[in-house]
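**Student:** just a sequence and a predicted model for now, questions to come.
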Amino acid sequence: MELQNSSGRFRGPCLVDTGFDGSIYANEELALLLEGSSPIRTDHLYTVGEREIECEVFGLNAHLITPETVRRVMDLGEIDILVPTRAHDLSREAIVGRRILNALVLKLDGKTLEVL
C-alpha cells in the first residue's frame with residue numbers, strides 16, 4: 001500500500017481485517033506522517049468488547065503497489081485513514097478493511113493473490 005499527502009508518503013504492507021468496516025486503521029508510522037495535519041472529521045469504532053475508540057479521520061490518496069518493485073498497480077483514489085486519538089489504541093500494523101476490499105476483484109489460486 002502507498003499513501004500520500006503533502007507532507008510525505010507511507011509505503012508498507014497492511015493486514016487485512018474483514019471485520020473492519022473502514023478503509024485503513026493507522027499504525028504508528030502512519031499516525032506520525034499525519035501528525036500536524038487537520039482531520040476531516042472524527043469517528044468512533046467499537047471493539048468486540050464494545051470499548052469505544054475515538055479516531056480522527058484523514059483523507060489520503062492511496063495506491064496498491066507491488067512489494068518487489070514498488071510499482072503502482074491500482075489507484076484507489078482518496079480513502080479514509082482512521083487514526084486513534086489515544087496512542088495505546090494504535091495498531092502495530094496498518095489494517096485494511098472492507099471499504100477497500102469491496103472495491104477489489106480478487107482471484108485466489110491457493111498460492112497468490114492477484115488483483116484484477
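**Tutor:** Great, that's in hand.

**Student:** quick check: bridge partners of Ile53?
**Tutor:** Beta-bridge pairing for Ile53 (DSSP bridges): Leu45.

**Student:** what residues does it make contact with?
**Tutor:** By Cβ atoms under 8 Å, 6 or more residues apart in numbering, the contact set of Ile53 is His44, Leu45, Tyr46, Thr47, Pro84, Arg86, Asp89. Every C-beta, even on glycine, is put in place using the N, C-alpha and C of the backbone.

**Student:** flag the least confident of the residues you listed.
**Tutor:** Taking pLDDT as the measure, the contacts of Ile53 have their low point at Thr47 (80).

**Student:** distance check, that one against Val16.
**Tutor:** Note on Thr47: its distance to Val16, by Cβ to Cβ, to the nearest Å, is 18 Å.

**Student:** same check on Leu30?
**Tutor:** 16 Å.

**Student:** tell me which of the two has more neighbours.
**Tutor:** Using other Cβ atoms under 10 Å, the more surrounded residue of Leu30 and Val16 is Leu30, with 24 against 12.

**Student:** retrieve the pLDDT associated with the residue positioned nearest the centre of the chain.
**Tutor:** The residue lying closest to the centre of the chain (Cα atoms, centre = their mean) is Ile24, at 2.3 Å. In this model, Ile24 is scored at 93, pLDDT.

**Student:** surely it touches Val96?
**Tutor:** Yes - assessed by Cβ atoms under 8 Å, Ile24 is found in contact with Val96 at 5.9 Å.

**Student:** where do the contact lists of these two overlap?
**Tutor:** Joint contacts of Ile24 and Val96 (Cβ under 8 Å, 6+ apart) are Met1, Cys14.

**Student:** would you tell me which helix is longest in this structure?
**Tutor:** For the chain, the helix that runs over the most residues, judged by DSSP state H, is helix 28-34.
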